[in-house]
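In: What follows is a predicted protein model with its sequence.
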Amino acid sequence: MKIGYACINMSLKKKFRTCRVATAEKEGVPKLKELTLENLRLTKEIIEWNIAHGIYFYRISSDIVVLATHPVNTWDWAEDQDVQTICNDIKALQEKHGLRLSMHPGQYSVLNSPRAEVVENTIADLNYHATLMELTGATDMILHLGGKYGDKEEALARLMEQTKRLPAKILQKLRFENDDKIFDLEDVLYVCEATGIPACFDIHHHYCNPATKELSALLPAVWKTWKQGEVPKVHISSGKEFPTDRRHHDYIFPDDFDRLIHYLNGADVDVMVEAKQKDLAALRLQQYIVER
C-alpha cells in the first residue's frame with residue numbers, strides 16, 4: 001500500500017508560481033516558460049523529498065504549466081526542450097522508484113455539461129493533463145462525474161456519450177470518483193462499467209453522500225473496474241469538525257483509516273491522503289500504520 005498526498009509540500013515551504021493574464025499578455029511566452037520551469041523544478045524537488053521520506057505516491061499539481069489552456073498561452077510547451085529535460089528527470093525518478101503519480105483536474109472541468117463550450121474547454125484541460133502525465137510518467141487522472149442539471153439520468157447518459165468520444169491518451173488515464181454531493185459510488189460504478197473507466201473510491205465522500213447499497217457489496221465491483229495488474233486508487237480524508245463535514249481536517253483520524261481498512265477487507269490499494277497538512281498528514285498516517 002502506497003500512501004500519498006496532493007500537490008503542496010508543507011515541509012519545503014515553497015509555492016507553485018502563476019501570473020495574471022494581463023502579465024502574460026505583457027511579458028509573453030518568456031514569462032510563461034520561466035514560471036512553468038520553476039514549477040517543474042519544484043515538482044522534481046518535492047518528488048525527491050518524497051522518496052527520501054518513504055512517500056511513493058504523489059498528486060502532481062494541475063497548475064504546473066501556467067495558463068496552460070488559456071488562449072494567451074501560444075507556447076508549445078510540450079515540445080520545449082527545457083520542459084522535456086525536467087519531465088524526463090521526473091519520469092526517470094518515477095521509473096526507478098516505482099512511484100505512482102496522479103493528477104486531478106479541477107472543478108471547472110465538467111464533461112457532462114449541456115453547454116458545448118464547457119465540454120470543449122474540459123476536453124482541452126483533460127488533454128493538457130494527459131500530455132503532462134505522459135511526459136512525467138503519471139498514470140491516474142481523477143475526475144468527478146459532473147453536474148446533475150435537473151435530470152440525473154440524462155446527465156449520466158450525456159457523460160457516457162462524451163466519455164466514449166475522448167481521445168485514447170485521455171481514456172487510458174481517466175478514473176471517475178464519487179463526489180460528496182451529487183453522484184454516489186453506485187452512480188460511478190454504473191458509468192465505469194458502461195465505459196470501461198476505472199472507479200476511484202473516496203470513503204469520506206461516501207460518508208457525505210452514501211450509496212443505497214453497502215460498501216461490502218460495492219467495493220468488489222469497484223476493484224473489478226481496474227485492469228489486471230493495476231492497483232486501485234482510493235481517497236481518504238477526515239471531516240474538519242464531524243464525520244460528514246465536507247471540509248477536510250488537517251490530518252487523518254486513526255478511526256477513519258481503521259474504518260477504511262475494515263471495508264477494504266484485504267484488497268490491495270494505494271491511498272491518497274486529502275488533508276490540509278499534506279505531506280505532514282501522509283507521514284503521520286504512515287507512522288500510525290507502522291505502530292497499529
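Out: It's in.
In: host element of residue 5?
Out: In the assignment (DSSP states H and E), residue 5 maps to strand 3-6.
In: now the following helix or strand past that strand: mean pLDDT?
Out: Next along the chain after strand 3-6, taking DSSP H and E as the criterion, comes helix 21-52. For helix 21-52, mean pLDDT rounds to 97.
In: Could you list every helix and strand that helix 21-52 packs against?
Out: Helix 21-52 sits against strand 57-59, helix 81-97, with contacts defined as 3 or more C-beta pairs under 8 Å, 6 or more residues apart in numbering; DSSP states H and E. C-beta coordinates here come from the backbone N, C-alpha and C atoms, glycine included.
In: Angles on the backbone of the most centrally placed residue in the chain, please.
Out: The centroid of the chain falls nearest to residue 104 when counting by C-alpha atoms, centre = their mean (2.9 Å). Phi and psi for residue 104, reported as degrees, to the nearest 10, are phi -140, psi 90.
In: Neighbouring strands of the strand holding residue 5 in the sheet, and parallel or not?
Out: Strand 3-6 pairs in its sheet with strand 57-59 (parallel), strand 270-273 (parallel), by DSSP bridges.
In: Tell me how far that strand lies from the chain's centre.
Out: Centroid separation between strand 3-6 and its chain, computed with C-alpha atoms, centre = their mean, to the nearest Å, is 10 Å.
In: Just the residues contacting it, thanks.
Out: Strand 3-6 has contacts (C-beta atoms under 8 Å, 6 or more residues apart in numbering) with 55-59, 100, 102, 104, 270-275, 278-279, 281-282, 285-286, 289.
In: repeat that for 7 Å
Out: Defining contact as C-beta atoms under 7 Å, 6 or more residues apart in numbering, one finds that strand 3-6 is touched by 55, 57-59, 100, 270-274, 278-279, 281-282, 285-286.
In: Kindly report the same for stretch 188-195.
Out: 145, 156, 159-160, 163-164, 176-178, 198-199, 218, 221-222, 225.
In: Now that stretch - C-alpha only, PDB.
Out: Extracted in PDB, the C-alpha atoms of stretch 188-195 (Å, rounded to 0.1, in the frame of the first residue of the first chain):
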ATOM      1  CA  VAL A 188     -19.800   5.900 -10.500                       C
ATOM      2  CA  LEU A 189     -20.000   2.100 -10.900                       C
ATOM      3  CA  TYR A 190     -22.800   2.500 -13.400                       C
ATOM      4  CA  VAL A 191     -20.800   4.800 -15.600                       C
ATOM      5  CA  CYS A 192     -17.500   2.900 -15.100                       C
ATOM      6  CA  GLU A 193     -19.000  -0.400 -16.000                       C
ATOM      7  CA  ALA A 194     -20.600   1.100 -19.100                       C
ATOM      8  CA  THR A 195     -17.400   3.000 -20.300                       C
END
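In: ok so, going back, so can I have a markdown table of the strands paired with strand 3-6 showing distance to residue 139?
Out: Putting these into a markdown table (distance: least, C-beta to C-beta, whole Å) gives the following:
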| stretch | distance to residue 139 |
| --- | --- |
| strand 57-59 | 11 |
| strand 270-273 | 10 |
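In: Now mean neighbour count, mean pLDDT and distance to residue 212 too, for the ones you listed, in a markdown table please.
Out: Listed next are those as a markdown table, based on neighbours: other C-beta atoms under 10 Å; pLDDT from 0 to 100; distance: least, C-beta to C-beta, whole Å:
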| stretch | mean neighbour count | mean pLDDT | distance to residue 212 |
| --- | --- | --- | --- |
| strand 57-59 | 24 | 98 | 30 |
| strand 270-273 | 24 | 98 | 25 |
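In: closest to residue 27 out of the ones you listed?
Out: Ranking those by proximity to residue 27 (C-beta to C-beta) places strand 57-59 first, at 29.3 Å.
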